[in-house]
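1. Quick one, fold the following:
(one chain, ligands or ions: 1)
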Amino acid sequence: MKIAITKRDLLRASSGAALLAATGKSLARRPGQRTEGWDLIVVGGGNAGMPAAIFAAERGAKVLVIEAASALGGTLYLSSGQMSAAGTKLQQAKGIEDSPELHYADIMRISKSTANPALARLATDNAGRTFDWLMENGFEVHPQHPVEGTTHEPYSVARYAWGKEGGRSILKVLNQELAPHLESGLVTTLLETRATDLITDDKDNVLGVKTSSADGSQDHYGDNVVLTAGGYASNDRLFEELEGTSRACVCSYPNSQGAGIGLGLSVGGYLRGAENHLPLFGGVFASDDYPSPLIGTHRPLPPHTMPWGIYVNAQGRRFMAEDVPSHDAHEVALGEQSNERCWLVFDDEMINKMESFIGRWTREDAMKAFDSGQAFFFKAESPAELARKANINIDGLSETIEEYNAGREHGNDRYGRKHMPLPLQKAPFYAIQLQGWLLTSFAGLAVNEDLQVIRKDGSGIPNLYAAGELLGTGNLSGKAYCGGMLVTPALTFGRLLGQKILKFA
Ligand SMILES: Cc1cc2nc3c(=O)[nH]c(=O)nc-3n(C[C@H](O)[C@H](O)[C@H](O)COP(=O)(O)OP(=O)(O)OC[C@H]3O[C@@H](n4cnc5c(N)ncnc54)[C@H](O)[C@@H]3O)c2cc1C
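-> Presented below is the predicted three-dimensional model:
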């Protein structure tokens, strides 16, 4: 996937991209050159790396940001930028009572205590201040926010907010706050430059970073190295190796290749959180040659949108009450099916009642997809023919439909479903194949409460820190999707590292 960073973005990306490029080229683009004396070297100038640089520079630190892309911002170019933060001034202004304790309790409730307690605590204790800082610096929040939740399991109070332009609204503030430090020369950025190795001494102290760019390789020496190079959700091999399933979706940031994770592992770090892998529900793809672009999602949620059809797996069996009013229940149930895949099956009477197909598709859009034989849309005159076309077990589907209709008639659905307004019996029959999908990666480098990368024995690797998605969705959010628990911790941990955790001489 080619990421759409427009010229306008580049201009916005640093008050004067020209200044950035000039600083980079004049200072450090000579092959074989060694640069030294950095208080902080940031590997990856995205959601977590930018605040680390900004807040370190505010303390007078001399910072080098190494960035593989042609502009800073990383996943913020794609991200919805949804944040969760408790005790914010925005909440107070709207009379919403909230606290970091309540936020933490919600994360533990939603993740069923699978989120890493220390990281969740650090994130929730400090998210409010991060959000306030964005607001104080011109962040344009959606006027109706905060809310309790929309596409993820709701919070117990309204603490979920984002900007009109999603992640780009956040990036706007970060660029604005970074600009004076670029101008003063406290922050230097090397764009289109990849960190390839960490430099260590014989006692395993991290001394710096080796880079590679079109101009050759270079060594950079500094007192602190912060890894903020993002997750690995765009790296097919690593994704399959760590998550145990192949990547279905082309929707993550292309540079999310796990480079920072590789650097951490190379000096003794280790990974945790992969066991919390969890797909999002209901992806419909352009093709089954995965990874494929996502064309939309089917994620109806009672009581807002009630289900009409049934979900079946490859054996043709149902596996949940389709009317359970929980995103999490849908995600967990789908995650247990083979290939994280199911089919939404319905009949001719239901299709005329259904309010929700794929994203904002109308009934006419869906009919076109069925009639044109679009991938993953199946239509047939009998359940057996439908199963054959969709590659579902034929006997399984026929038996399941009979069982569903009988349960409906006697008011005793096997899974306890209550909303069963119609029997599934009128030809033609329809099926839409729904695939589990992910935007982010679940395993991440283990760190201690100071965000220092640690070895399995718990000891910290000297001078090496990490933040952002490379800490793992499975640690920040657990085996669940807790709203905003990637963007907000990335910003917050970057801020904490730059503002107080790192020691500068
Ligand atoms: C479509 C989408 C929607 C999302 N929506 C939400 C949401 O609403 N809320 C939420 O909480 N989370 C969301 N997420 C997840 C969240 O946006 C990310 O987890 C988070 O932004 C990652 O921040 P980061 O700083 O770790 O990585 P990034 O922002 O990706 O920054 C990493 C940077 O490192 C650079 N880099 C990579 N390798 C190297 C290298 N070798 N050398 C130098 N630089 C390198 C990259 O180019 C990039 O600029 C979403 C993700 C996606 C893809």
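2. residues in contact with the residue in the stretch 101-250 of the chain that the ligand sits nearest to?
-> Nearest residue of the stretch 101-250 of the chain to the ligand (Cβ to the nearest ligand atom) works out as G230 at 3.2 Å. In this view, the C-beta of every residue, glycine as well, is placed from N, C-alpha and C. G230 makes contact with 44, 46, 74-75, 253, 255-256, 260, 468-470 under the criterion Cβ atoms under 8 Å, 6 or more residues apart in numbering.
3. check which helix or strand covers it.
-> Assigned by DSSP states H and E, G230 belongs to neither a helix nor a strand.
4. can you tell me which residues contact the closest residue in space to it that isn't next to it in sequence?
-> Distances taken as Cβ to Cβ, 6 or more residues apart in numbering put S256 closest to G230, at 4.5 Å, once the chain neighbours are dropped. Each residue near S256 by Cβ under 8 Å, 6+ apart is listed here: 75, 230-235, 440-441, 469.
5. Over to A446?
-> So A446 contacts 269-272, 453-454, 456 (Cβ under 8 Å, 6+ apart).
6. And what about the residue nearest to I351 when sequence neighbours are not counted, helix, strand or coil?
-> Nearest residue to I351 in three dimensions, chain neighbours excluded: Y430, at 6.1 Å (Cβ to Cβ, 6+ apart). Counting by DSSP: H, G, I helix; E, B strand; the rest coil, the backbone at Y430 sits in strand.
7. Run a quick neighbour tally on Y430.
-> 25 (other Cβ atoms under 10 Å).
8. quick revisit: most neighbours out of the contacts of S256, which is it?
-> E469 (34 neighbours).
9. Looks like that one contacts T440 (just checking).
-> Yes - using Cβ atoms under 8 Å, E469 is in contact with T440, at 5.7 Å.
10. hang on, T188 in a strand?
-> Yes - looking at T188 with three-state DSSP, it is inside a strand.
11. what's across from it in the sheet?
-> Under the criterion DSSP bridges, T188 forms beta bridges with L64.
12. Around it, count how many other residues there are.
-> 22.
13. and what of the one 5 residues further on?
-> T193: 24 surrounding residues under other Cβ under 10 Å.
14. Common neighbours of E469 and T440, please.
-> In contact with both E469 and T440: 231, 233, 256, 486, using Cβ under 8 Å, 6+ apart.
15. and the last one, how far is that from G273?
-> This points to L486. 12 Å (Cβ to Cβ, to the nearest Å).
16. What of the second one?
-> As for A233, its distance to G273 is 13 Å (criterion: Cβ to Cβ).
17. pLDDT below threshold where in the stretch 151-300 of the chain?
-> Across the stretch 151-300 of the chain, nothing is flagged by pLDDT under 70.
18. Phi first, then psi, for the residue of the stretch 101-250 of the chain closest to the ligand.
-> The phi/psi pair for G230 (degrees, to the nearest 10) reads phi 80, psi -180.
19. Kindly report the same for V312.
-> Torsion angles, degrees, to the nearest 10, at V312: phi -130, psi 160.
20. Let me know whether it touches G396 as I believe.
-> Yes - judged on Cβ under 8 Å, V312 makes contact with G396 at a distance of 7.5 Å.
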